[in-house]
Structure formats: structure tokens, C-alpha cells
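Participant: quick check, what structure comes out for this input:
(one chain, ligands or ions: 1)
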Amino acid sequence: MNDLESAPRGGSGALDSILRIAFGFQASKVLFTAVRFGVFTELAEAPLTAGELRARLGLHPRAARDFFDALVALGLLDRGPGPDGRYANTPVTARYLDRGSPSYVGCALEMYDNRLYGFWGSLADGLRTGEPQNEIKDGGELFGTLYKDPERLACFQQAMTGLTMRSADALAEAVDWSAHRTVADIGCAEGAMLSHLLHRHPHLRGTGLDLEAVRGNFERHRERCGPADRLTFTAGDFFADPLPRADVLLFGHILHDWDLAAKRTLLRKAYEALPEGGLVVIHESFIDDDRRENLVGLLGSLNMLIETPGGFDCTAADCRGWLAEAGFRETWSRHLAGAETMVAGRK
Ligand SMILES: C[S@@+](CC[C@H](N)C(=O)[O-])C[C@H]1O[C@@H](n2cnc3c(N)ncnc32)[C@H](O)[C@@H]1O
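Facilitator: Alright, predicted model coming up:
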């Protein structure tokens, strides 16, 4: 009897829990492939039978039904009753995986599939050497390398938007914005978070700082979503240039990209740029302080090994300590949404 045959049935056995993790790569690839084929986009208008869906996607008959039903078993599709039950999006996949939806996150998944899926194959090399395992393996810098190709730049920027907007409503509530007039988002990508905050708090004005290469994407997003009269773009390098002066400085998924010295530099520069009483707000998937539970943060930190020369995710307690070192007189943290937390410091 092999290991699989001896696994307890019902999904609750100890071996099952190991195998579920072991086969996680298969589930990931089924999801990535469904996004690549546009399964959820095809189903956006109306549910389809297996035959109709297979014909739309141009799939060979051999495994199409297994592929569709694996998506059902993963909770990514619904299927009507009976042998010819029609396949349909779930409310969640309709919202996040249909290319026509404003909340589409498929760009992020396409990026995981096209880049990270392969790079994670070299995790062992990364752990042995401490070196990144992506395009910069042989020299170069992550953003410079990614941004050489406009299509990859746009995909990365949209991926950032899809991921960061999960905590947009929570962030709009978590800060007493009425006490502040201006906000600058440092490393703003397309500026989606800023746009959301400015719509939610119409007294605020904002600027997004990012590399010059990002300007076009920022401006296109602002044209679509606004508010054009209160939102500007500042091209710059957050290490080489002074940070914009504003009452609140936001850092979304920025600190984890960099080593400790660079994290400290950015927090010191934030302190210098803020007025007395101003706030720095850092939001990302902070690892829980006991380093046992936030798997997204812990795997995210391993991802920083794969992607960057020195980046790592940290706990909220670590970050509050570095804020205090930089001079912030009061610091606190607050859960936002999912694995995302914010850490704030008041000058
Ligand atoms: C991981 S993304 C985070 C984007 C956004 N804040 C969010 O939460 O989705 C990092 C951003 O920092 C920008 N960036 C990287 N290095 C930079 C630098 N030296 N100066 C300014 N922006 C930089 C990148 O272009 C990218 O938009």
C-alpha cells in the first residue's frame, strides 16, 4: 500500500494535511491556467455546459471535464445539478477573476504564473545562497528590469492595484483623516489607493511619488478614476530625492522590498518630511509578532528572498521599534483586511 492509499479519508487525517500542502502546486496551476484561458471571463455573461465551455476555450476533450470539475472542487466555479449541469462563476470569481470586472486581480495571478511559479523552483538555491532567484539573478535591479517592457510594467502596476485595494476601505476608516489636509503615497504605483482615499475624504489633496516610468500608468488611472483636481504625480526616487511634504505619508508594500538599512532610511526620511503631529502609515502583510500565524506574511518574506537582494517582511512590533528609533513619539498598529495590517507613527 502506498502513502496515498493509506491516507485517512475525509480530509482530516495527519497525512491528508501534508498531502494537501504537497499538491498545492497543482491547485495553483489549475487556477493560473483557468485565468490564462479566460474561463471566468467566458462565464461572465451566462453559465455554459461543459461542451460549450470547452468549445469556447478550444480544449481537447480528454481532460476538459476534469479541469472544469477541479475548479468546482476548488470552490472557484459552481455547476448546476445533473450530468449536463451548466458551469457558472461563483460571486467571488465573478468579482475578482472576470477581466471585465473593475476588481479584476487576474493580472497578479498571471504575474505569479509567468514569473514566480518558475522562480520558486529555485527556492533551495535562494535559501543556500541568500541570493534572489528572479530576472536579477545575474545582476540588475527588480523595478528597472520589470519596467523595461511596457506590457510587464502595466501588468505589475495593475497587479499592485488588485492586491492593495483589498484594504482600501479599511484604510479609509482606520485613520482620522479629518485631522489632516494632505497625503503623499510613497511608491504609489497607479495611485489607486490614493484615488480611493481622496474620493472617500473630499477635503484631502494627494500626491503619489513613484519612478518616472510609472507616470503614464498613473495618469491613465487618474483619467479613469480621478479626482483630477486633487491628485498629482511626483516623479522621483525615494532614496535619492527628498520625500514630498504632506500631513500623512503612506508606504504601501514598500518596506518589505528592502533590507533593514534601507527600511530605516525611508522611515528617517519620512520623519524629516512630516510636520509636527504628522503621520506615517505603513500597510503591508506584517508577520504576526509571534511569527507563527500570518502565513501570507511569512511566505511573502520568502518571496522577497526570491525577488530582491535584501528585502524581508517584518512584524508590526519590529516596525514600531524602527519608527520609535526614527523619532516618532507615538506608534500603533491596526488590522486592516485579510493578512494586511497598518502600522502608524505620529511625529
Ligand atoms: C510593491 S509596489 C507597491 C505599490 C503600492 N504602494 C501598493 O501598495 O500597491 C512598489 C512600488 O514602489 C515603486 N518604487 C520602487 N523603487 C522606487 C524608488 N527608488 N523610488 C520611487 N518609487 C519606487 C515601484 O515602481 C512600485 O510602484
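Participant: buried residues in stretch 147-158, which are they?
Facilitator: 147, 152, 153, 154, 155, 156, 157, 158 (16 or more other CB atoms under 10 Å). Placement of C-beta: from N, CA and C, glycine included.
Participant: want to throw these into CSV with secondary structure?
Facilitator: Converted to CSV, those look like this (DSSP: H, G, I helix; E, B strand; the rest coil):
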residue, secondary structure
147, coil
152, helix
153, helix
154, helix
155, helix
156, helix
157, helix
158, helix
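Participant: got the residues you listed as a markdown table, with distance to residue 296 columns?
Facilitator: As requested, the buried residues of stretch 147-158 are arranged in a markdown table below (distance: CB to CB, whole Å):
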| residue | distance to residue 296 |
| --- | --- |
| 147 | 26 |
| 152 | 24 |
| 153 | 25 |
| 154 | 25 |
| 155 | 21 |
| 156 | 19 |
| 157 | 21 |
| 158 | 20 |
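Participant: for the residue of the stretch 201-347 of the chain found nearest the ligand, grab phi and psi.
Facilitator: The ligand sits closest to residue 252 of the stretch 201-347 of the chain, with a gap of 2.7 Å, by CB to the nearest ligand atom. Dihedral pair for residue 252: phi -100, psi 110, per degrees, to the nearest 10.
Participant: what sits against it?
Facilitator: Contacts for residue 252 (CB atoms under 8 Å, 6 or more residues apart in numbering) come out as 164, 185, 187, 188, 193, 282, 283, 284.
Participant: for the closest residue to the ligand within the stretch 101-250 of the chain, which non-adjacent residue is closest in space?
Facilitator: Residue of the stretch 101-250 of the chain nearest the ligand, by CB to the nearest ligand atom: residue 187 (2.9 Å). Using CB to CB, 6 or more residues apart in numbering and skipping the chain neighbours, the partner closest in space to residue 187 is residue 254 (4.3 Å).
Participant: pull the contacting residues for the residue of the stretch 101-250 of the chain closest to the ligand.
Facilitator: Applying CB under 8 Å, 6+ apart to residue 187 gives the contacts 209, 210, 238, 251, 252, 253, 254.
Participant: quick check: residues of the protein near the ligand?
Facilitator: Contact residues, the chain versus the ligand (CB under 6 Å from any ligand atom): 143, 160, 164, 187-189, 209-211, 214, 237-239, 252-254, 257.
Participant: which parts of the protein belong to which domain?
Facilitator: 12-97, 162-346 (the TED database).
Participant: return the most buried member of those domains.
Facilitator: Among the domains of the chain, the stretch with the highest mean neighbour count (mean count of other CB atoms under 10 Å) is domain 162-346, at a mean of 19.
Participant: and the end-to-end length of that domain?
Facilitator: 29 Å (CA to CA, to the nearest Å).
Participant: secondary structure and pLDDT added to the contacts of residue 187, as CSV?
Facilitator: Output for the contacts of residue 187, formatted as CSV (DSSP: H, G, I helix; E, B strand; the rest coil; pLDDT from 0 to 100):
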residue, secondary structure, pLDDT
209, strand, 98
210, strand, 97
238, coil, 98
251, strand, 98
252, strand, 97
253, coil, 96
254, coil, 97
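Participant: between which two of those residues is the distance greatest?
Facilitator: Among the contacts of residue 187, the pair separated by the greatest distance (CB to CB) is 209 and 253, at 14.3 Å.
Participant: the nearest residue to residue 131 once chain neighbours are set aside: how many residues sit nearby?
Facilitator: Of all residues not flanking residue 131 in the chain, residue 137 sits nearest, at 7.0 Å (CB to CB, 6+ apart). Other residues near residue 137 come to 15 when the count uses other CB atoms under 10 Å.
Participant: please renumber the chain so that the first residue is 52 from this point on.
Facilitator: Sure, I'll start counting at 52 from here, so that last one is residue 188.
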